[in-house]
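1. I would like the atomic coordinates for the input below:
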Amino acid sequence: MAVKVSYDQDCRMIISGVECGCACEHHDIDKDIYIGKDLIARIPDYIRRRGLGTSCVLVADDNTWRVAGAQVEKALTEAGFSVVSCVIHRDGDMLPDDLSCGEVLLSITRETEFLIAVGSGSVTDTTRINAERTGLPFVSVGTAPSMDGYASAVAPLLHRGLKIQRPAVCPEIIVCDLDVLATAPMHMIASGVGDVLGKYIAKADWELGAVINGEPCCPVCVEMVTNAVNALVDNVDEIARKTEKGMRILIEALLLAGVTIMIIDNTRAVASIEHNIAQYWEMILVQQGKEPPMHGASVGVSTLLVWPMFERFAKEDLNCLNLEDIRARRISREKRERWMLHAYGEEGGKQIMRENPGDFLTWEEQERRVRTAQEHMDEIRAIIAAMPPLEKIRQVMRRLNAEMTPEEEHIPDDLLRRSMHCGKDYRTRYTLFKLIDECGLLEDYLADYPYPFA
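-> This is a model prediction of the structure:
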């Protein structure tokens, strides 16, 4: 049965066809997701239906308070709810960092029964981690179709300047009012599209992990993400015009990506090397006291950066590899540790190595992976061939006037080059970049980077 999305009379999303017998552990979709028009006035009813209580902390930043936060507060208070509004004020963009998380935590009292986030990525993730740590449910009211984290149960956060991923909780209720979403500036909409386009890379890397390491790969989650991103590409003109149809297609794609996280309890279907590189840019720029680009915009640019690597690898003849030469050029554990401390900093490097011990391969395991790739190169080529032409992805981004180069993201060349080398090291999750490195080809592939971006 194919995955199908429909809506009931209350604009609640109904997803059918998600039954699956694959080896991944699956969880039921037991959250309420609403997409439609004129939904803010209905939020009190949605909350009552879910039985979350009547006393809440509402989290917003300066921008999202103006866009929807004040309206949500008014709807709740007029319906008899007790609302403590935690509006996070910043001179620049709010970040999901130690300070923001602390502000929300200190707004929570013993009387608080639930939290409500009014915003997109930073507001939602800051609320999400507080909900997880306090055991309180939370509601997410989206204000921009700029990222795929609304339905996620993972919180990407900045802790002492390091980008970390922490298990958290999914909102009990997600409300996306199409009229509110359409007020988002075009660069935020382009950011959401960039985040979705990265799913092509995530899908290919996940399928590659299945080929090389026998990693369970859920066909239902792959189908959900593939259908969503294909629909977005086919309707980019509607999105560019901010029509109701366009906003629905974009937010559905972003939410369905998050639903896959809900189903398998990890981000495998939606994030891979393209996210690693984008997150590396963010953490280094924050450490340097600079404002990072939007997450989805960075994912879009890094997607364009890594795509040619897939195309090039599909042309490789791995039977020509000299395994003894690869073994001789292997870096030692000590050298890899020094590299991690150089690339990610003392604290960040130690934490990443501690959380990803599987990245310290024995030669026997590296050789097994190379030989497996040699034996299954036809399957690997088929995975890459299933990706759309890169020029089609560029056309989508051009239609939205999206940022397409590291220069437009204000990523300096030294940071760009370092990120292309160390993005593979951010987590154990298998990627084509890891395979290229294990085959002893990475330095050759990156020797003339950055490639032309036209």
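
2. contact partners of the helix or strand where N63 lies?
-> N63 belongs to helix 62-64 when elements are defined using DSSP states H and E. Helix 62-64 is contacted from outside by 87-90, 94, 118-120, 123, 143, using C-beta atoms under 8 Å, 6 or more residues apart in numbering. From N, CA and C alone the C-beta is placed, and that goes for glycine too.

3. and stretch 74-87, by the same measure?
-> Under the contact criterion C-beta under 8 Å, 6+ apart, stretch 74-87 has outside partners 40-41, 43-44, 47, 54-62, 65, 69, 73, 103-104, 107, 109, 111-112, 116.

4. which parts of it are buried?
-> For stretch 74-87, the buried set under the neighbour-count rule, 16 or more other C-beta atoms under 10 Å, comprises 75-76, 81, 83-87.

5. related to what we said a few turns ago, and the helix holding N63, what's buried?
-> Buried residues in helix 62-64, defined by neighbour count with 16+ other C-beta under 10 Å: 63-64.

6. run the chain-centre distance for it.
-> With C-alpha atoms, centre = their mean, to the nearest Å as the basis, the distance from the averaged C-alpha position of helix 62-64 to the chain average is 22 Å.

7. and if you look at stretch 196-210?
-> Computed by C-alpha atoms, centre = their mean, the separation of stretch 196-210 from the middle of its chain amounts to 12 Å.

8. also stretch 2-14?
-> Mean C-alpha position of stretch 2-14 versus that of the full chain (C-alpha atoms, centre = their mean) differs by 23 Å.

9. so which residue is dead centre in this structure?
-> Of all residues in the chain, the one closest to the mean position by C-alpha atoms, centre = their mean is A271, 5.2 Å from it.

10. with adjacent residues omitted, what lies nearest to that one?
-> In space, not counting the residues next to it along the chain, A271 is nearest to A202; the distance is 5.6 Å by C-beta to C-beta, 6 or more residues apart in numbering.

11. now do the buried residues in the helix or strand in which that neighbour is found.
-> Secondary structure assigned from DSSP H and E places A202 in helix 199-213. Residues of helix 199-213 classed as buried under the neighbour-count rule (16+ other C-beta under 10 Å) are 199-212.

12. could you identify the helix or strand that succeeds the helix holding N63?
-> Tracing the chain C-terminally past helix 62-64 and defining elements by DSSP H and E, one meets helix 70-78 next.

13. would you put the C-alpha positions of that next one in CSV?
-> Coordinates of each C-alpha in helix 70-78 appear next as CSV, following Å, rounded to 0.1, in the frame of the first residue of the first chain:
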residue,chain,number,x,y,z
ALA,A,70,0.7,37.7,20.0
GLN,A,71,-2.3,36.2,18.1
VAL,A,72,-1.7,32.8,19.7
GLU,A,73,-1.5,34.4,23.2
LYS,A,74,-4.7,36.2,22.6
ALA,A,75,-6.5,33.1,21.4
LEU,A,76,-5.4,31.2,24.4
THR,A,77,-6.1,33.8,27.1
GLU,A,78,-9.6,34.5,25.6
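
14. average pLDDT across that helix?
-> Confidence for helix 70-78, expressed as mean pLDDT, is 98.

15. equivalent analysis for stretch 312-319, please.
-> Mean pLDDT, taken over the full extent of stretch 312-319, equals 97.

16. before we move on, what about stretch 252-264?
-> In this model, stretch 252-264 has a mean pLDDT of 92.

17. distance between it and the chain's centre?
-> In this view, stretch 252-264 has its centroid 10 Å away from the chain centroid, taken as C-alpha atoms, centre = their mean.

18. phi, psi of V141?
-> Dihedral pair for V141: phi -110, psi 110, per degrees, to the nearest 10.

19. and for D444?
-> When read as degrees, to the nearest 10, the backbone of D444 gives phi -70, psi -40.

20. one more: F138?
-> Torsion angles, degrees, to the nearest 10, at F138: phi -140, psi 160.

21. from what I can see V196 touches L254, true?
-> Yes: between V196 and L254 there is a contact under C-beta atoms under 8 Å: 6.4 Å.

22. what touches both of these two?
-> Shared contacts of V196 and L254, defined by C-beta under 8 Å, 6+ apart, comprise D148.

23. the residue of the chain positioned farthest from its centre in helix, strand or coil?
-> Using C-alpha atoms, centre = their mean, the residue of the chain lying farthest from its centre is E324. It sits 38.0 Å away. Local secondary structure at E324 is given as helix here, using DSSP: H, G, I helix; E, B strand; the rest coil.

24. what does the pLDDT read for it?
-> At E324, the pLDDT value in this model is 97.

25. separation between it and F114?
-> Taking C-beta to C-beta, to the nearest Å as the measure, E324 falls 61 Å from F114.

26. same check, this time on A385
-> 47 Å.

27. the two: which is more packed in?
-> For A385 against F114, the residue with the higher neighbour count under other C-beta atoms under 10 Å is F114, and the figures read 22 against 10.

28. which secondary structure element contains the nearest residue to the more buried one once chain neighbours are set aside?
-> Among residues not flanking F114 along the chain, L52 sits closest, at 4.2 Å (C-beta to C-beta, 6+ apart). Taking DSSP H and E as the criterion, no element holds L52; it sits outside all helices and strands.

29. show me where this structure has strands.
-> Per DSSP state E, the chain has strands spanning 4-7, 13-16, 32-36, 55-61, 82-88, 114-119, 138-142, 154-159, 162-167, 173-177. These are given in chain order.

30. which helices and strands does the helix or strand of the chain with the lowest mean pLDDT pack with?
-> Using mean pLDDT, DSSP states H and E, the weakest-scoring helix or strand in the chain turns out to be strand 162-167, at a mean of 83. Counting contacts by 3 or more C-beta pairs under 8 Å, 6 or more residues apart in numbering; DSSP states H and E, strand 162-167 packs against helix 121-134, strand 154-159, helix 273-287, helix 346-355.

31. surely D425 meets D359?
-> Yes: because the distance of 6.5 Å satisfies C-beta under 8 Å, D425 is recorded as touching D359.

32. more neighbours, those two?
-> Comparing D425 with D359 by neighbour count (other C-beta under 10 Å), the higher total belongs to D425, at 22 against 17.

33. any idea which of the buried residues of helix 199-213 is closest to I249?
-> Within the set of those, K199 lies nearest I249; the separation is 14.1 Å, counting by C-beta to C-beta.

34. measure the closest one to A231 for me?
-> 12 Å.

35. how about W363?
-> As for W363, its distance to A231 is 45 Å (criterion: C-beta to C-beta).

36. these two: who's more crowded?
-> Neighbour totals were compared for W363 and A231, and A231 leads with 16 against 11 (other C-beta under 10 Å).

37. tell me which residues touch L256, please.
-> Residues touching L256, when contacts are defined by C-beta under 8 Å, 6+ apart, comprise 5, 15, 224-225, 227-228.

38. and the nearest residue to L446 once chain neighbours are set aside, how many residues sit next to it?
-> Once its chain neighbours are removed from consideration, L446 has its nearest residue in M420; the separation is 5.5 Å (C-beta to C-beta, 6+ apart). Look at M420: counted by other C-beta under 10 Å, it has 23 neighbours.
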